[in-house]
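Asks: Quick check, what structure comes out for this input:
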Amino acid sequence: MKLIRSIASAVVLALAALPAMAQTANLPEAVAYAQTMGVGWNLGNNLDAHIDGVSVETGWGNPAATQKLFNNLKKAGFGCVRIPVTWMGHIGPAPAYHIEKAWLDRVAEVASYAKKAGLKAIINVHHDGFGAETDPARQGYFWLDLPAAAKDEKVNTEIKQKLAMVWMQIATRFQNEGDWLIFETLNEIQDGKWGGGANNTDGGHQYRVLNEWNQLCVDVIRSTGGQNASRYIGIPGYVAQPGLTIKYLAIPEDEVPNRLMVAVHIYDPWDYAGSAKYSEWGHTGKDVVPDKAGEKEYTAILDALYTRFVRRGIPVYLGEYGCVHRNNAKAEEFRKYYLEYTCKALRDHKMPVIVWDNGKRAYGEEAFGLMTHDDGKFISNSAEIVKIMIDAWNNNDPAYTLQSIWDRAPEAK
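Replies: From the prediction side, this is the model:
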């Protein structure tokens, strides 16, 4: 009996040591694939950066990405890299909308860094779409103009023709690449109001048009054949916001089953995680967001996403997520707690998470920098921060639960 218990303990310990992504045997096919993404990292503000309507890799202050960066991401324990790409300024006129070869070559080169490092990668159409209704001077600046398309079907048709040709070229370039590469149709498509916006008064036309765009992208990608015939594709809802995604996203019809994933972004609550207006979070915090948005509110979002999608075999991944760096030890304790608790909650809900890194090295608002974007060196205390997130995802010890994390939340200042 003692020997049996000893063997059983060894098995439990061995299972606990396995990365979470390995334990997928009883999951639906697409959900199991999503688990292999684990915790990922965003190459933010590089290939998505733009100046005066032209995307420029180093335009927002980050150095150009290298193979060394991706090797160090793999070494740190990340499972995938999201490579946001803005294409505007590199797209020719109608009807061919030819993508500039040098830009497409550079996107392919950066994606190849992930492949060589043994990472999954996501590429998308990023800042090409952002409604400019709130700034009349920038009307038409972004060619994926959702408000204009929702108001005028002729405009919508023209945009769809361009979107189809852009994705046709992207997909064709990568049609022979395997399952390490994921396409994400769009990013935070919206009307510029970072919420429901004009959809509250226009009868939902913007939601309808976005669903049309997603369907178009899937159809075009599949039509290019090769590995694209069955490639995994991420589909964002309106502004990639969970509540609006749950309510309004229509999953595209697809000729191949179990190959679509839902992409959402969660920086909740923004006044804590993104702007650093508040320095503490959770049930032990005193300096907290006024609406008490803490652990229970966060898990409620994940519960709703799980019920709407994951339970039906449709994976959800957080394409963007994070918590900005603070400039004092107590605030950093709460930051570590937030990241550990939420990463564990995401693991429990079977949702891979891709942390946003814009390269910003300061403290406070938008300071999401974790690693240098040329050689992958940790910024400040980011080695510890990254380890906390990845350990929270990979820890299979039955005693490691959300409650156990809750029980050791930091004390308020």
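
Asks: Count the residues that sit near the closest residue to residue 164 other than its chain neighbours.
Replies: Taking C-beta to C-beta, 6 or more residues apart in numbering as the measure, residue 164 lies nearest to residue 220, with 5.0 Å between them; neighbours along the chain are not counted. All C-beta spots, glycine's among them, are computed from the backbone N, C-alpha and C. Burial measure for residue 220: 22 neighbouring residues, criterion other C-beta atoms under 10 Å.

Asks: which helices and strands sit right next to the helix or strand encompassing residue 220?
Replies: Residue 220 belongs to helix 205-223 when elements are defined using DSSP states H and E. With contacts defined as 3 or more C-beta pairs under 8 Å, 6 or more residues apart in numbering; DSSP states H and E, the secondary structure elements packing on helix 205-223 are helix 146-151, helix 153-173, strand 233-236, helix 242-248.

Asks: Show the model's pLDDT score for the closest residue in space to residue 110 that isn't next to it in sequence.
Replies: In space, not counting the residues next to it along the chain, residue 110 is nearest to residue 65; the distance is 5.3 Å by C-beta to C-beta, 6+ apart. What the model reports for residue 65 is a pLDDT of 98.

Asks: dump the residue contacts of residue 65.
Replies: Neighbouring residues of residue 65 by C-beta atoms under 8 Å, 6 or more residues apart in numbering: 43, 46, 47, 57, 110, 113, 373, 374.

Asks: will you turn the helices and strands packed on helix 205-223 into JSON lines that also has distance to residue 195?
Replies: Rendered in JSON lines, the data for the helices and strands packed on helix 205-223 read as follows (distance: least, C-beta to C-beta, whole Å):
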{"stretch": "helix 146-151", "distance to residue 195": "14"}
{"stretch": "helix 153-173", "distance to residue 195": "22"}
{"stretch": "strand 233-236", "distance to residue 195": "15"}
{"stretch": "helix 242-248", "distance to residue 195": "8"}
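
Asks: mean pLDDT lowest for which of these?
Replies: helix 146-151 (a mean of 90).

Asks: Show me which positions of that helix end up buried.
Replies: Of all the residues in helix 146-151, those buried under the rule 16 or more other C-beta atoms under 10 Å are 146, 147, 148, 149, 150.

Asks: Quick check: of the residues you listed, which lies closest to residue 347?
Replies: Minimum distance to residue 347 across the buried residues of helix 146-151 is 33.2 Å, recorded for residue 146 (C-beta to C-beta).

Asks: Would you confirm that that closest one contacts residue 207?
Replies: No: checked against C-beta atoms under 8 Å, the pair residue 146 and residue 207 is beyond contact range at 9.6 Å.

Asks: So residue 95 versus residue 165, what's the distance?
Replies: Distance of residue 95 to residue 165, given as C-beta to C-beta, to the nearest Å: 8 Å.

Asks: Give me the pLDDT value at residue 381.
Replies: The predicted structure lists residue 381 with a pLDDT of 97.

Asks: Report the contact partners of it.
Replies: Residues counted as contacts of residue 381 (C-beta under 8 Å, 6+ apart) are 325, 332.

Asks: What of residue 308?
Replies: residue 246.

Asks: quick one, what contacts the residue most central in space within the chain?
Replies: Of all residues in the chain, the one closest to the mean position by C-alpha atoms, centre = their mean is residue 319, 0.8 Å from it. Residue 319 makes contact with 42, 82, 122, 184, 234, 236, 240, 263, 264, 265, 354, according to C-beta under 8 Å, 6+ apart.

Asks: Am I right that the second one is in a strand?
Replies: Yes: under DSSP: H, G, I helix; E, B strand; the rest coil, residue 82 falls within a strand.

Asks: That one reaches residue 122, doesn't it?
Replies: Yes: applying C-beta under 8 Å, one finds residue 82 in contact with residue 122, separated by 4.3 Å.
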